[in-house]
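> build me a model:
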Amino acid sequence: MINQELGDRAMNADQPTRIDLHIRLRVAPGRREAYLSFLREGIPYFEGPGGIEVRLLEDKADDHKFIELILYENEQVYARDRQRVANDPEMKRFLERWRALLAEPPTFDVYRLVTP
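Here you go, the predicted model:
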């Protein structure tokens, strides 16, 4: 049983792993609905290449404070999307519009899913 479990873990260590990007942000006062509308428009584009899922968490105490979760199927999808952010003119236009809705610069944290 233990040998099988160790073997399973070793096999999983070689498998591509999910990458989660957490973007912590505060929307400018009075811009909450514009921000949510922007995301409804943008999410199909952001998820378009495949292997990407966008989720949104709202702070219970502050309805202008959010965490955008960008979930990448694996590191290759994450790397491909980083290139899209850097080089794609349409993505750059979306990001300009997004930044204009924020009260302050966002913070970014990148996590890798691990199996304990």
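
> in the lengthiest helix in the chain, which residues are buried?
If you go by DSSP state H, the chain has its longest helix at helix 32-47. Across helix 32-47, burial judged by 16 or more other C-beta atoms under 10 Å covers 35, 38-39, 42-43, 46. Every C-beta, even on glycine, is put in place using the N, C-alpha and C of the backbone.

> now do stretch 94-105
94, 98, 101-102.

> please, which helix or strand holds residue 115?
For residue 115, there is no host helix or strand (DSSP states H and E).

> can you put the buried residues of stretch 94-105 in a markdown table and add distance to residue 111, secondary structure and pLDDT?
Listed next are the buried residues of stretch 94-105 as a markdown table, based on distance: C-beta to C-beta, whole Å; DSSP: H, G, I helix; E, B strand; the rest coil; pLDDT from 0 to 100:
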| residue | distance to residue 111 | secondary structure | pLDDT |
| --- | --- | --- | --- |
| 94 | 23 | helix | 95 |
| 98 | 21 | helix | 97 |
| 101 | 25 | coil | 98 |
| 102 | 22 | strand | 98 |
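
> which residue packs closest to residue 95, ignoring adjacent ones?
Nearest residue to residue 95, sequence neighbours excluded (C-beta to C-beta, 6 or more residues apart in numbering): residue 85, at 7.2 Å.

> in this structure residue 112 contacts residue 17, no?
Yes: between residue 112 and residue 17 there is a contact under C-beta atoms under 8 Å: 5.6 Å.
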